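Novice: Sharing a model prediction with you, sequence too.
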Amino acid sequence: MRVRHGDVWEEFPTQSSGWIFPNASWASEIDIQPVFIFCNSDSPPGEERRGDARGLCVYVDFESFAKGSGPAEYAIDGTVQVPSQGYSTSYNVDFEPGPGHSPGLKEAWTRSFCPDEDLDDYALQQVSGRFVLEENSEDRLRGQLELKVEGPTGGTCPGDAAEVDLDFDIAM
């Protein structure tokens, strides 16, 4: 994962954290979206994230997601409006799919973070890429996410663009 600030790219370590929501161990009345969240920061891999860490989170949401439905590939193509939200857990983004966007994939977007900043501006992002599930079984989700973002990355210290190329393997 990396974020561009002007002409300079800020690189993050290759190891990222990934989650899928809603989590089966949570109470059924808790409905947290998006489905997949991948975050990376400048904290050293394998260590707890520092309080002063800078980083990027990528969100990928589906209309519905069937765990255990097997391999699949989704194209990401569209424009997303990410509102200023601070540290809210509600993600009310507005996604307009482009002509190459796959049905079933609701939206994808990014948010940068750094604790030194209070600013959390609205962001308009042009996103393109793909989300591949090589394995989607009852106990494992494994695949790749490739995403290019043109426009502010949103969050508390937005960049001008972002690139994500990561492999994931999430045990359920």
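Specialist: Yep, it's here. Numbers count the residues shown, from 1 in each chain.
Novice: tell me the centre residue of the chain?
Specialist: Val58 (1.5 Å; Cα atoms, centre = their mean).
Novice: does that residue sit in a helix or strand, and which one?
Specialist: Using DSSP states H and E, Val58 sits in strand 55-62.
Novice: Average pLDDT for whichever helix or strand comes after that strand, rounded please.
Specialist: Where DSSP H and E defines the elements, the next helix or strand beyond strand 55-62 is strand 72-82. For strand 72-82, mean pLDDT is 95.
Novice: Show residues contacting the helix or strand that strand 72-82 is followed by.
Specialist: Moving toward the C-terminus from strand 72-82, the next helix or strand (DSSP H and E) is strand 94-97. The contact list for strand 94-97, computed with Cβ atoms under 8 Å, 6 or more residues apart in numbering, reads 77-81, 106-109. (C-beta placed from N, C-alpha, C; glycine too.)
Novice: which residues does Ala66 contact?
Specialist: Asn136.
Novice: so how far is Ala72 from it?
Specialist: 10 Å (Cβ to Cβ, to the nearest Å).
Novice: residues shared between the contacts of those two?
Specialist: With Cβ under 8 Å, 6+ apart, Ala66 and Ala72 have common neighbours Asn136.
Novice: least trustworthy helix or strand in this protein by mean pLDDT?
Specialist: Here the helix or strand of the chain ranked lowest by mean pLDDT, DSSP states H and E is strand 17-20, holding a mean of 64.
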